[in-house]
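Asker: compute the structure for the input listed below.
(one chain, ligands or ions: 1)
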Amino acid sequence: MHPSRIDLADNVRKQSIAILQARLADAIDLAAQLKQAHWNVRGPRFIQLHELFDRLHGEVSTAVDDIAERIVALGGIADGRIQTAARTSSLYEYALQAAGGTAHTKAVSAVLAQFGAGLRAAIDQTAAAGDAGTADLFTELSRQADKQLWFVEAHLDGDD
Ligand SMILES: [Fe+2]
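Answerer: Sure thing, here's the model as predicted:
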C-alpha cells in the first residue's frame, strides 16, 4: 500500500481495497458482457436491446473507473488487468450461443443481479470496517445496478 496522509487506519484501507478489488473484477467482466450482448442480440426488439445494452455498458464503464480510482485514493494498486478479472470475477460466464432478445435479456439480468448482490454486500462490509466513503460509493453503485436490472428485466414481462 502507498503511504498516505488520509485519516483512515491502514487496516481499514487494506480491507476496503480488497473488497473494492473483488468488485472491480466483477465490473470489468460485466462491462465486457454488456458489449457481448450489445453486439450479438438479434430479433424483433434488436435496436431497443442493442442500444440499451450499450448504454448500460457506458454506465458500468464509469463504475469501473470509480471503483478503480477509489482503490488508488486509498493507497492501493487497482488491478484492472483482463487476466485478473477473468480469474477472479464472481459472475456467470456469458452464454456464447445466446441469440434472441429473451436469451440475452435473461443472461444480462442474471449477471446484473449477481453484480448488484456483490455491491450490496460490499456496502455493509465497508461500513463495518469503518470506511463510510467507500460504503457510500457502493451504495450509489448498488442503486444504479438495481435500476439497470429493472430496465433489463422489464423486457421479460408483458404480451410481446
Ligand atoms: Fe456499438
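
Asker: so the one residue sitting closest to the centre of the chain is in which element?
Answerer: Within the chain, the residue whose C-alpha comes closest to the C-alpha centroid is Ala27; the distance, by C-alpha atoms, centre = their mean, is 3.2 Å. Take DSSP states H and E as the rule and Ala27 turns out to sit in helix 10-40.

Asker: please apply the same query to Leu149.
Answerer: For Leu149, the element it lies in under DSSP H and E is helix 132-153.

Asker: flag the shaky bits of this protein, pLDDT-wise.
Answerer: Counting by pLDDT under 70, the ranges of the chain that qualify are 159-160.

Asker: ok, now with 90
Answerer: Counting by pLDDT under 90, the chain contains low-confidence residues at 1-3, 98-99, 156-160.

Asker: for the residue nearest to the centre of the chain, give its distance to Ser16.
Answerer: For Ala27, the distance to Ser16 (C-beta to C-beta, to the nearest Å) stands at 16 Å. Glycine gets a C-beta too; all of them are placed from N, C-alpha and C.

Asker: tell me what the helix or strand following the helix holding Ala27 is packed against?
Answerer: Sequence-wise, the next helix or strand downstream of helix 10-40 (DSSP H and E) is helix 46-73. On a contact count with 3 or more C-beta pairs under 8 Å, 6 or more residues apart in numbering; DSSP states H and E, helix 46-73 meets helix 10-40, helix 101-129, helix 132-153.

Asker: quick one: buried residues of the last one?
Answerer: Using 16 or more other C-beta atoms under 10 Å as the test for burial, helix 132-153 gives Thr134, Ala135, Leu137, Phe138, Thr139, Leu141, Ser142, Gln144, Ala145, Gln148, Leu149, Val152.

Asker: need the residues you listed in a markdown table with distance to Lys35, can you?
Answerer: Output for the buried residues of helix 132-153, formatted as a markdown table (distance: C-beta to C-beta, whole Å):
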| residue | distance to Lys35 |
| --- | --- |
| Thr134 | 27 |
| Ala135 | 29 |
| Leu137 | 24 |
| Phe138 | 24 |
| Thr139 | 26 |
| Leu141 | 19 |
| Ser142 | 22 |
| Gln144 | 18 |
| Ala145 | 17 |
| Gln148 | 15 |
| Leu149 | 18 |
| Val152 | 15 |
